[in-house]
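# give me a model of this one.
(2 chains)
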2 protein chains.
Amino acid sequence: MNGREEERTGFEVAVVVPKRTVNEGDGSCDCVELLVSEFMNAGLIIERVVGLSDEFIKLAAPLEILGRVASDLQIRKPTHIGMDLPFQWDEVEAFVRQPDGSLFSWCERFHCFHHLVYGIVNKNKSFVTLSFDGKEFKWEQGESLLAKLESEGIAKQPFPLHDESKRKQLLRSWALNWLDLTWQPVDEIYLYFGTKIATYFVFLGMYTRWMFFPAVFGLTLQLINFGSWQLRILPIFFICIISWAVLFLQFWKRKNYALLARWPVSNSIRVDSGYTVLDMGQSGLLSDVELVKKLGTDKAKEKEAFQRDEWFGHLLRFRNDAIIILSIICLQLPFELAYAHTYEVLGSDLTKFSLTAVYLFAIQYLTKIGGIVSVKLIKYENNKSTEYMSDSLVYKVFGLYFMQSYIGLFYHALLHRNFTTLRQVLIQRLIVSQVLDNVMENSLPYLKYNYKKYRAVNKKKYEKGSSTGKIQVTSRVEKEYLKPAYSASIGEELEDGLFDDFLELALQFGMAMMFACAFPLAFSFTLLNNITEIRTDALKLLSMLRRPIPRAAATIGAWLNIFQFLIVMSICTNCALLVCLYDREGKWKIEPGLAAILIMEHILLFIKFGFSHFVPEEPAWVTAKRVKSATQAQDMCSKQLLRSISDREKKPK
Amino acid sequence: MNGREEERTGFEVAVVVPKRTVNEGDGSCDCVELLVSEFMNAGLIIERVVGLSDEFIKLAAPLEILGRVASDLQIRKPTHIGMDLPFQWDEVEAFVRQPDGSLFSWCERFHCFHHLVYGIVNKNKSFVTLSFDGKEFKWEQGESLLAKLESEGIAKQPFPLHDESKRKQLLRSWALNWLDLTWQPVDEIYLYFGTKIATYFVFLGMYTRWMFFPAVFGLTLQLINFGSWQLRILPIFFICIISWAVLFLQFWKRKNYALLARWPVSNSIRVDSGYTVLDMGQSGLLSDVELVKKLGTDKAKEKEAFQRDEWFGHLLRFRNDAIIILSIICLQLPFELAYAHTYEVLGSDLTKFSLTAVYLFAIQYLTKIGGIVSVKLIKYENNKSTEYMSDSLVYKVFGLYFMQSYIGLFYHALLHRNFTTLRQVLIQRLIVSQVLDNVMENSLPYLKYNYKKYRAVNKKKYEKGSSTGKIQVTSRVEKEYLKPAYSASIGEELEDGLFDDFLELALQFGMAMMFACAFPLAFSFTLLNNITEIRTDALKLLSMLRRPIPRAAATIGAWLNIFQFLIVMSICTNCALLVCLYDREGKWKIEPGLAAILIMEHILLFIKFGFSHFVPEEPAWVTAKRVKSATQAQDMCSKQLLRSISDREKKPK
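Numbering: from 1, shown residues only, chains lettered A, B, ... in the order given. Have a look, this model is predicted:
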């Protein structure tokens, strides 16, 4: 099949080691040389590039090497009958290929590379003495070489490399393709960045496309003067917007299911499939019979242990959530209210401006502290996988941002009924901060990159002593190494840059939805912003940053629940806004109008929660496909399975 | 293994044919004789009992016969590795046995009997002429004999028979075991009645056990005089009750999952597993390869067809729901309000009484009409299985009952603020009607049975001409035949008697919950009623009725959603009640108190909908077991599977 035997990956991963002094007399003991030769022994293809102050070992692998590693790792891959089975190199044909015809997805390839690179251990009976620039250290038996070098500060964590041809193609067809408004080459994004980032862009595209409706509606409300009907048309707008949002999220869920059926991702990636519960590594070691016996004999004990474990986990999580919520309410809320109040009270614009500056400076630190505390707390929770942990982090940190972004607005809107200030703040946030955000997102990495480059070049110049000759960063791999990574602002441990991108979307969605009745034009600004967001985010990922490390999840995770929470909040806040708008004098009397608003609120809440029953999350064709393949798989091997089970059952008797 | 080869079922099914005249000369053509001989050919064990006016053919089957039928039907049964596989008689050992050691559950046995009895077809090349009492008719080629006899009005649908020893044992340990309050022999009930009825009783037991808390709380509120605190303690009661209800339902879901893991039921029974989507009969005929090809070639077309089908189904269902809701609002609501208003206005007790009598008479017919219309509408929906259809019916009919039961109460409580009448009506409904219900449930079948017996005996007497000798119904099978079936009041097509039992629970739950603040004592009455309900329902099923036909579902289906809907409703109504209680003068002013109630309402709604995130529906040990067994099964046959898939993939090239 089109010469698949000779297929190999491009240089996809690089390891960074410091540039050594020239005399390489004792190459046999030098740890870098050893690393390189071990890489070669493992079957990797190597290209060494010497940069200004570092040396880069670029790694590629023949397909067979990756396949053997995947077999060792027992990576579960979807097969042609739809069932996930542990990968076996001998039966390659049984597994579904990627849309571009390659065997492994980018995420699987990176996983294999990672395992391969860290899998080089000392197989000798005793330790080996390694040297680096004269410094000597022991490589213990069974210790990973790369991990050792990292702990000694010699090597740096391997990072993924861009694929130049694919990157350029994506730049053309995606990042710089402004004419296509919301269309994106989804499959290529999936192939190049993996499921998680592709899911984000699909979500962003769909969100933008759906945004056209409220944007046009809002614009109409703004442009046409309905006269005395102006106030009566707002509830209609409100109902339409809420229904729109509910529909949007429900259809997103369907789309996500369709995506999962479209890309050959294994079931273990679906977050709530329960696969991650089981520690695959352990269970793989136990034979089937032992497993069944274990399950059979101390069933009650096991059940009890599970239940204890489950409830203890809930308790921990509940405690952590309580800590976060309490500290938000007791510490952050007064602070935010104090700022909003001072801002309202102050007279001169200059003091207002300086106050805001101080405030902005302060919240930067507060958010960072919040993020650190959250990460620490989460480490005590026994979450099932890193994706669960990152979801837990997202919920906790979003609480912080929610307070920060909206409490001032509520203060202006509900307590002071100061709609002018509210609209001003909204416009300011929606336009100024979003435009600034987009510019910053792209320019900051560029500046960082340039600064790093400048420092590297300068250091080189300093080393060489004189400024003779022009020193430049010429190799592509070094340029990539100098680019900043795709990391989250709240810490790099559990989340990557997607956190910030999703946070931006969620805050913007909340801003537009929660104050829809006070400022219908918000949706138009949001739409404009999102259209640019698609391209600037693409540009950022493709040219400004290092290629991100692929993540396995293929849903938007915690953000879905956050969006749904924002819809519920917006039902309540808009009702409150409507009350304020109708009742300017502050009589607080239940007139028929107010009663109507209350009833409307209840109906909308009912719609919100009842609607999921009408539009099922999983499209019928996905269900049918899933069931078909499951049945098919069972039927294919049911006879053989039955025989082996009944044989096993007969034996002990 | 304990003589399993000779194992056979008791007489579990009976077919009813009319008693013939004595001269049986031409036995070869007589259809009843033919039926009996065909039954014997099929391997069934037969006992013929001649009753007063009918003859009963009792059927039993050796285990092997049932096993062969189950293999033919490809019944999916759970195996020891947890996976469901099509049953095969040769590999009996692989399948999980029931708690009492038998191979098939009652539901599976009945299914096999049904298939066997109706599976007797004319295998000749041409039709056979049958005679019955001189009347002749043709038995066409390939036609089922029993179906033919039924359509000719000769045979009657086979009905399941009680197992006398097990029935007596259950009577002792369950129905008459009043001392155990809420404890029930769950596994025995499952073995005797099947999953659906057992699930009902487990739910009833758990509901009753949980009811102790609000009952004690409500009683305390009633007995102790808190003086001026009386009104302030109500909101606390309210919050506790709502939290209690939310917790109860969430824990019920967990319990239901645990039940599914405890009983060896196949996955196809789990309503939302999606298995029922696929028409097993059809797909079974297509070979695997064809299936994959079909899925492969016109994927887009198939997807489109599925989507069209799905949305058309939604549209139909939406239309039907709209029809039902509109007719409830436009037709039923005015009627109910008119009755409530007239009742409020009327002075004398006598006219009130007669009005109520007329009303009760009228609603009987209205409900019946509603039921018939709903069933007709549902037939136009393309529901996936009968359980989906019955769920759809339950939703529709419950709307009717909801209006009927509560709208009058709302009228008294909210519009007239007439709490005395409200409490009176509540007491009346909770005590009088529930006690009456329990008595009726048991006595009505008994009366019906006696009436039928009386008629049969009378007919016999009339036939014999004189009243010489005492004629009695002596055979047990005839007694059972004369007992009424376990059927629903709204029609027998989609639901059985469980509908009425669940309806009673739901209406009672709604009554207690929705007016909790006006009448906290309601929970105590409910508790008392439920404790008796367990035993009277058991008694009814065991002695008053024919053994019910087992249903495959193992959840409480639509009723879960109805209970959750009632909780949401009760949050709203109790808030309204609290407003009425605090604001006796009808000022309708938002004072701090009222604002507090509104805030409380929102918090409670938030708890209701947020809570499901904290307590997962599937207990961790069930998940772990499920995942373990799935992985195990895959690992057991992964190699063989992979080979066959890759072979298949290689071939076409």
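# from here on, just use CA atoms for contacts and neighbour counts.
OK.
# from chain B, how far off is the nearest residue to A:Q332 once chain neighbours are set aside?
By the measure of C-alpha to C-alpha, 6 or more residues apart in numbering or on different chains, the closest residue to A:Q332 outside its immediate chain neighbours is A:M403, 7.5 Å from it. Distance, A:M403 to chain B, by C-alpha to the nearest C-alpha, to the nearest Å: 17 Å.
# need the three-state assignment for the closest residue to A:E188 other than its chain neighbours.
Excluding the flanking residues, the one nearest A:E188 by C-alpha to C-alpha, 6+ apart is A:L170, at 7.6 Å. With DSSP: H, G, I helix; E, B strand; the rest coil as the basis, A:L170 sits in helix.
# returning to what we had before: so who does the residue nearest to A:Q332 touch?
A:328, A:332-333, A:336 (C-alpha atoms under 8 Å, 6 or more residues apart in numbering or on different chains).
# just the buried members of those?
Among those, those buried by neighbour count (16 or more other C-alpha atoms under 10 Å in any protein chain shown) are A:328, A:332-333, A:336.
# and which of the residues you listed is nearest B:H114?
The closest of those to B:H114 turns out to be A:I328 (C-alpha to C-alpha; 63.9 Å).
# about what we covered before: dump the contacts of A:M403 to CSV, plus pLDDT.
Below are the contacts of A:M403 laid out as CSV (pLDDT from 0 to 100):
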residue, pLDDT
A:I328, 89
A:Q332, 88
A:L333, 89
A:E336, 89
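# from these, which land in helices?
Within the contacts of A:M403, residues falling in helices by DSSP state H are A:333, A:336.
# how close does the residue nearest to A:E188 sit to B:L260?
50 Å (C-alpha to C-alpha, to the nearest Å).
# what residue is smack in the middle of chain A?
A:L498 (4.2 Å; C-alpha atoms, centre = their mean).
# surely it meets A:I197?
Yes - if you go by C-alpha atoms under 8 Å, A:L498 and A:I197 touch, sitting 7.4 Å apart.
# quick one: the helices in the stretch 1-150 of chain A?
A:31-41, A:63-73, A:106-118, A:145-151 (DSSP state H, counting those that start in this stretch).
# please disregard the earlier target; I meant the stretch 501-650 of chain A.
In the stretch 501-650 of chain A, the helices defined using DSSP H, counting those that start in this stretch lie at A:522-539, A:558-582, A:592-610, A:620-650.
# which helices and strands sit right next to the second one?
Counting contacts by 3 or more C-alpha pairs under 8 Å, 6 or more residues apart in numbering or on different chains; DSSP states H and E, helix A:558-582 packs against helix A:230-262, helix A:386-410, helix A:498-514, helix A:592-610.
# switch the cut-off to 10 Å
For helix A:558-582, the elements it packs on are helix A:230-262, helix A:386-410, helix A:419-427, helix A:498-514, helix A:592-610, helix B:592-610, judged by 3 or more C-alpha pairs under 10 Å, 6 or more residues apart in numbering or on different chains; DSSP states H and E.
# one step back: residues touching the residue nearest to A:E188, list them.
Contacts for A:L170 (C-alpha atoms under 10 Å, 6 or more residues apart in numbering or on different chains) come out as A:164, A:176-177, A:184-185, A:188-189, A:192, A:538-539, A:542.
# can you do 8 Å?
Contacts of A:L170 by C-alpha under 8 Å, 6+ apart are A:188-189, A:542.
# what is the burial count for A:D635?
A count of nearby residues for A:D635, using other C-alpha atoms under 10 Å in any protein chain shown, gives 17.
# also A:I407?
For A:I407, the neighbour count with other C-alpha under 10 Å is 17.
# would you turn the helices and strands packed on helix A:558-582 into a markdown table with mean pLDDT?
Converted to a markdown table, the helices and strands packed on helix A:558-582 look like this (pLDDT from 0 to 100):
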| stretch | mean pLDDT |
| --- | --- |
| helix A:230-262 | 87 |
| helix A:386-410 | 86 |
| helix A:419-427 | 82 |
| helix A:498-514 | 91 |
| helix A:592-610 | 71 |
| helix B:592-610 | 71 |
